[in-house]
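Q: Sharing a model prediction with you, sequence too.
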Amino acid sequence: MAQQLVATRSAAAYDGVRHWAAGHPGDGAAAAQLALGHALMLDHKYPEAQDAFAAAKQAGNALDDYAVYLGAQAAIAANRPTDAIPALANFADKYPDSLFVPNAPITLAQAYLANHDPASALRVLQPLQNTQAGGHVDFRATLAKAFQASGNFAEAAKLYRGIYLKDPLSGEANDAKNQLAAMQIPLTVAERKQHADAMFNAHQYGDAAIEYRELKNNSELSQADRDALEIYAAVCDLKLKRLSRNDVEKLPVTSDDTAALKLYLQAELARNVGDESGQDALVQELMTKYPQSRWLEEALYSGGNMYLIRKDSGRAIADYTALVQHFPKSVYAPSAHWRAAWLNYRTRNYAESARLMDEQIQNYPGGQEIPGALYWRGRLYEDVEHNFSQALNYYHKLDDAYVNTYYAMLARQRIAAIGKRDEVAVSTTLAAVRDVDDPELIDQLPENDPHLIKARLLANAALNEYIRPEIALSATSSEWGALAEADIYESFGETTRALQAMKRSKIPFTALDVDDVPKAYWEILYPRPYWATMKADSDANGLDPYLVAALIRQESEFNAGAVSRANAVGLMQLLPSTGRGLARKDGIRHFNSNELLDPTVNLKLGTIDLRQAINKYDGQVEYALASYNAGDSPVRQWIASNDYKDVPEWVESIPYSETRDYVQSILRNREMYRAIYSGK
């Protein structure tokens, strides 16, 4: 009921929660009043929200700190700061275990500021400047306002500048800029450029372009600086797909790093129109003139990716290799290095591929490419070098360190195929593979833990954002907190939220054997809602129901109401046009695409669609899954090259990262479902 109130905030929803509060005294009523206060805050009805939080304080005890703190926030928003000040003045003494202890001084200072008492705000905040709380952006923003209100513009400006430059994506950054302007303390051009660069690096290209263009109009700048800013704005336009060759040709000629940037822009536009020779020439010019420029780094990675897609392995390898050589610390280096290793494998340059794969394991330990490097290096030992014992060493290491990955699944197949062999000394390369410490996890929740009790009441109040941090306050939450949060969502029938909570838990599930983790965790991470219907529809279409569950987990995370940006609908993410065609063939009359939101309909039609996709590729599941994600045409093209030793090599060679990860994830999911539920 509270969840519905937050979602709709309709009169009926408000009345329903008020009625429920009246009939459930104690902590239940307190939770309901908190839900009302939260909804009223969202509706900007601050005096009414304050009253609701006060009622929550009167109704029960378990959530008193929430009622007091949130009530103080409502009082400030209602322009009643004198109500908030006494409530927050001794908050930590009254509620020492509260989630809001670090925030209470900030909110108290905000109340003093709203009451035109900056001296008291400074008295609260200044002693905390060198504490952990003092580093938070909201603390620094409030302290800056207190200095500003007290007339100490120098200290205020120092803090505002720090926020603008060090926290450019925060909500406080734009306010910091405005407050500096209000104090007539302008930001320097260099500071504004630094901020714009930060926005660019955060992929906020529209905001960065605006900042660059505003700076370009500064009359105090030299022509060279204005030219550079014009080129920076152009690269934003490129990222926003609104830059043409004609635009680049009109850009000024410069002599600093923006000259490299201009060459990069030209190379990207050449790539976009398929001008390979033009792109190559521009990258070579970058290499010659600007060998340390970040724009050469970008151009090499972009060029390697272009040739990867176009199946020109030689030129892709050259670009990736050059990137690693010139920029070994680049964020692209692990990926570029792996792609060079894999393309050498694909071109049957096995000796170089083996060298690079071992180098990958040693130089980039912990990277996402390591499971693949372990598996394919093992395959080289097995298939090319016929060193079966060393191959087994790699496969066993992979199975130990990354047991629940697609590659470990393949490794176990190879271990079974090879059988027992004489032991050999383990390659020194494998010493670089990082082991994961098994966490201590329990499946018996401490029902009397006050933070767990609060978390459940918060869920009843639809204050979902506080559930996880409240649980984390418990000293023993590392042993059960992830399960508790997910279990709370499960209790409301919210399978998707429970699954997402478990994914966010940072428990290293990929490295933990199924038997080493309580089953309750796995059953939330790999759930089976609608199982009876899913199994019946799968059986009717000759499908493995665990494959269907694996696909749904990847497509919609079991959210029956999911609608993608491409307008794919429901559990199995069917397009309305696909649904209509399947319904017509299945004899369903008067079909409406909204029916795809019905799990029963979606599963019935989705399993038919998956069966047809598998049949289309002669039963090869990997091809069918790839087509499910990328479409038939690309998959047919990838198959047509017909130069793969086996299906795993074909999967590894899928040039679209999203599709490759999609196929591997579903096959991994299927394996996990089988391991978890094989006894049921």
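A: Yes, it's here.
Q: quick one: residue 271 and residue 283, what's the gap?
A: Distance check for residue 271 against residue 283: by C-beta to C-beta, to the nearest Å, it reads 10 Å. Every C-beta, even on glycine, is put in place using the N, C-alpha and C of the backbone.
Q: Now for those two: what residues contact both?
A: When contacts are counted by C-beta atoms under 8 Å, 6 or more residues apart in numbering, residue 271 and residue 283 have residue 303 as shared neighbours.
Q: Just the mean pLDDT for the helix or strand harbouring residue 501, thanks.
A: With elements delineated by DSSP states H and E, residue 501 resides in helix 495-503, which encompasses its position. Along helix 495-503, the predicted local confidence has a mean pLDDT of 97.
Q: now swap in stretch 521-529 and tell me
A: Here the average pLDDT along stretch 521-529 is 98.
Q: Show the low-confidence segments of the protein, by residue range.
A: 679-680 (pLDDT under 70).
Q: now the residue nearest to residue 257 when sequence neighbours are not counted: how far from residue 194?
A: On the basis of C-beta to C-beta, 6 or more residues apart in numbering, the spatially nearest residue to residue 257 that is not a chain neighbour turns out to be residue 293, at 5.7 Å. According to C-beta to C-beta, residue 293 stands 19 Å off from residue 194.
Q: same question, residue 416
A: When residue 416 is compared with residue 194 (using C-beta to C-beta), they lie 57 Å apart.
Q: ok, those two, which is more surrounded?
A: A direct count of neighbours by other C-beta atoms under 10 Å for residue 416 and residue 194 places residue 194 higher, at 16 against 9.
Q: follow-up on the earlier one: what about the residue nearest to residue 257, how many neighbours?
A: Neighbour count for residue 293, taken as other C-beta under 10 Å: 21.
Q: Torsion angles phi and psi at the most centrally placed residue in the chain?
A: Centroid-nearest residue in the chain: residue 504, 9.4 Å away (criterion: C-alpha atoms, centre = their mean). Residue 504 adopts backbone torsions of phi -80, psi -10, taken as degrees, to the nearest 10.
Q: and residue 234, what helix or strand is that in?
A: Taking DSSP H and E as the criterion, the element that holds residue 234 is helix 223-239.
Q: now for that helix, which elements pack on it?
A: Identification of packing neighbours for helix 223-239 by 3 or more C-beta pairs under 8 Å, 6 or more residues apart in numbering; DSSP states H and E yields helix 189-201, helix 205-216, helix 245-249, helix 257-272.
Q: out of the ones you listed, deepest packed?
A: Most buried of these by mean neighbour count (mean count of other C-beta atoms under 10 Å) is helix 257-272; its value is a mean of 22.
Q: List of residues touching that helix?
A: Contacting residues not belonging to helix 257-272 are listed as 227-228, 231-232, 234-235, 238, 243-245, 248, 251, 253-254, 276, 278-279, 282-283, 285-286, 289-290, 293, 295-296, 298-299, 302-303, 306 [C-beta under 8 Å, 6+ apart].
Q: Buried only: go through those residues for me.
A: Of all the contacts of helix 257-272 considered here, the ones buried according to neighbour count by 16 or more other C-beta atoms under 10 Å are 227-228, 231-232, 234-235, 238, 243, 248, 251, 254, 279, 282-283, 285-286, 290, 293, 295-296, 298-299, 302-303, 306.
Q: contacting residues for residue 347?
A: Residues counted as contacts of residue 347 (C-beta under 8 Å, 6+ apart) are 313, 314, 317.
Q: Residue 57 versus that one, what's the distance?
A: If you go by C-beta to C-beta, the gap between residue 347 and residue 57 works out to 71 Å.
Q: next structured bit after whichever strand or helix holds residue 411?
A: Taking DSSP H and E as the criterion, residue 411 maps to helix 406-418. Once helix 406-418 ends, the next helix or strand along the chain (criterion: DSSP H and E) is helix 450-460.
Q: Tell me which residues are up against that next one.
A: 2, 27-28, 30-32, 34-35, 62-63, 66, 97, 445-447, 464, 466-467, 470-471, 473-474, 477, 484-485, 488-489, 491-492.
Q: Would you mind writing the CA trace of it as CSV?
A: Coordinates of the C-alpha atoms in helix 450-460 are reproduced here as CSV (Å, rounded to 0.1, in the frame of the first residue of the first chain):
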residue,chain,number,x,y,z
PRO,A,450,17.3,-3.8,15.8
HIS,A,451,18.6,-2.7,12.4
LEU,A,452,16.9,-5.6,10.7
ILE,A,453,13.7,-4.8,12.5
LYS,A,454,14.0,-1.2,11.3
ALA,A,455,14.8,-2.2,7.8
ARG,A,456,11.6,-4.3,7.6
LEU,A,457,9.5,-1.4,8.9
LEU,A,458,11.2,1.0,6.4
ALA,A,459,10.1,-1.4,3.6
ASN,A,460,6.6,-1.2,5.0
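Q: Can you name the residues that contact the residue of the chain most remote from its centre?
A: Taking C-alpha atoms, centre = their mean, the residue of the chain most remote from its mean C-alpha position is residue 422, at 44.3 Å. Contacts were defined as C-beta under 8 Å, 6+ apart; by that measure residue 422 touches residue 389.
Q: circling back: for the helix holding residue 501, packing partners?
A: When contacts are defined as 3+ C-beta pairs under 8 Å, 6+ apart, helix 495-503 packs onto helix 481-491, helix 519-525.
Q: residue contacts, residue 468?
A: Taking C-beta under 8 Å, 6+ apart as the definition, contacts of residue 468 comprise 481, 485, 501, 504.
Q: Kindly report the same for residue 417.
A: With contacts taken as C-beta under 8 Å, 6+ apart, residue 417 has no neighbouring residues.
Q: repeat for residue 205
A: Contacts here follow C-beta under 8 Å, 6+ apart; on that basis residue 205 touches 199, 236, 239, 240.
Q: Only the buried residues of stretch 424-444, if you could.
A: If you call a residue buried by 16+ other C-beta under 10 Å, then stretch 424-444 has these buried ones: 427, 429, 430, 433, 441.
Q: May I see those organised as JSON lines, with distance to residue 666 added?
A: Below are those laid out as JSON lines (distance: C-beta to C-beta, whole Å):
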{"residue": "427", "distance to residue 666": "32"}
{"residue": "429", "distance to residue 666": "30"}
{"residue": "430", "distance to residue 666": "29"}
{"residue": "433", "distance to residue 666": "26"}
{"residue": "441", "distance to residue 666": "26"}
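Q: closest to residue 624 among these?
A: Distances from those to residue 624 were compared by C-beta to C-beta; the smallest belongs to residue 433, at 33.1 Å.
Q: Next, the contact list for that closest one, please.
A: 361, 365, 370, 374, 397, 401.
Q: Check residue 482 too.
A: Residue 482 sits next to 441, 501, 502, 505, 507, 521 when contact means C-beta under 8 Å, 6+ apart.
Q: Same question for residue 62.
A: The contact partners of residue 62, taken as C-beta under 8 Å, 6+ apart, are 27, 30, 450, 453, 454, 457.
Q: can we see that at 7 Å?
A: Taking C-beta atoms under 7 Å, 6 or more residues apart in numbering as the criterion, residue 62 is in contact with 27, 453, 454, 457.
Q: from the residues you listed, which two are the most distant?
A: Using C-beta to C-beta for every pair in these, the one that comes out farthest apart is 27 and 454, at 9.3 Å.
Q: With neighbour numbers in mind, choose between those two.
A: Ranked by neighbour count (other C-beta under 10 Å), residue 27 and residue 454 place residue 454 first, with 26 against 20.
Q: Skipping adjacent residues, who's closest to residue 301 in space?
A: residue 332 (4.5 Å).
Q: Could you pull up the contacting residues of that neighbour?
A: Counted by C-beta under 7 Å, 6+ apart, residue 332 has contacts 297, 301, 323.
Q: still on that earlier bit, narrow the contacts of residue 468 to just the buried residues.
A: For these, a burial check counting by 16+ other C-beta under 10 Å picks out 481, 485, 501.
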